[in-house]
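**Q** Okay, sequence plus prediction incoming.
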Amino acid sequence: MSKRSPLSSRRLATLALILCVGTGSAGALAQWGWRDSSGNVTYSDAPPPPGVPATDILRQPSSLIPLPTPVENAPVKGESAASSAPTGPRSLADQEAEFRKRQTEQRKSQEKQAQEQMQAAQRADDCNRARAYRQTLGDGTPVLDSDSNGNRSYLDDARRAAEMQRAQDVIAKNC
């Protein structure tokens, strides 16, 4: 067996120490920093509460883009507050909320479009039925009708004219 030299043991110990120190500092990189409503700076490994504005977030984990600093100047006269808002990076929660809002709006738009298409198809079907019924009434073909007791009888001229007018009204409304 070979003996370990004191030099290799020192190298191993130095390497172990470097790994421990490097691993311990990795947790420090995942820190959040923000200014709360009373002006105190808070550091944590958890993100700030939802009520903290993006301009008060001082540090995010793995943030390569510097966060915007709050603008102390008041908006220029005639300029709205919305146009003077900082346009820096938004928080992940804001981005998620905007994404969900766009999804909801898109889904509602698609549902509305599908409903309009169904209504248009129903109107077209009603129109075709009314035209066919008007054609049947106009040809003089005998048409049977049932009363409330289930008795069937042929349409006389007055009822035929009333049915023809009703079919014409449906055509005017749906076609």
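**A** Here it is on my side, so go on.

**Q** Let me see the contact set for N174.
**A** Going by CB atoms under 8 Å, 6 or more residues apart in numbering, N174 touches 123-124, 126-127, 130. Where C-beta positions appear, they are placed from N, C-alpha and C, glycine not excepted.

**Q** pLDDT (mean, whole number) over the longest helix along the chain?
**A** Determined from DSSP state H, the single longest helix within the chain is helix 92-139. Averaged over helix 92-139, pLDDT sits at 91.

**Q** Could you do stretch 47-57 as well?
**A** Per-residue scores along stretch 47-57 average to 88.

**Q** For the contacts of N174, which single residue is the most surrounded?
**A** Comparing those by number of neighbours (other CB atoms under 10 Å), A130 comes first, having 20 neighbours.

**Q** now Q165: how far from T42?
**A** 78 Å (CB to CB, to the nearest Å).

**Q** typo on my end, V143
**A** 83 Å.

**Q** So which other helices or strands are in contact with the helix or strand that the longest helix of the chain is followed by?
**A** Where DSSP states H and E defines the elements, the next helix or strand beyond helix 92-139 is strand 144-146. Strand 144-146 sits against strand 152-154, with contacts defined as 3 or more CB pairs under 8 Å, 6 or more residues apart in numbering; DSSP states H and E.

**Q** Contacts for the strand it packs on, please.
**A** Here strand 152-154 makes contact (CB under 8 Å, 6+ apart) with 142-147.

**Q** can you redo the residues you listed as CSV with pLDDT?
**A** Formatted as CSV, the contacts of strand 152-154 follow (pLDDT from 0 to 100):
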residue, pLDDT
P142, 86
V143, 87
L144, 86
D145, 86
S146, 85
D147, 85
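
**Q** closest to G51 among these?
**A** The shortest gap between G51 and any of the contacts of strand 152-154 belongs to S146, at 68.7 Å (CB to CB).

**Q** ok, the closest one - how many residues close by?
**A** Neighbours of S146 (other CB under 10 Å): 9.

**Q** Next, give phi and psi for S38.
**A** Main-chain dihedrals, S38, degrees, to the nearest 10: phi -90, psi 0.
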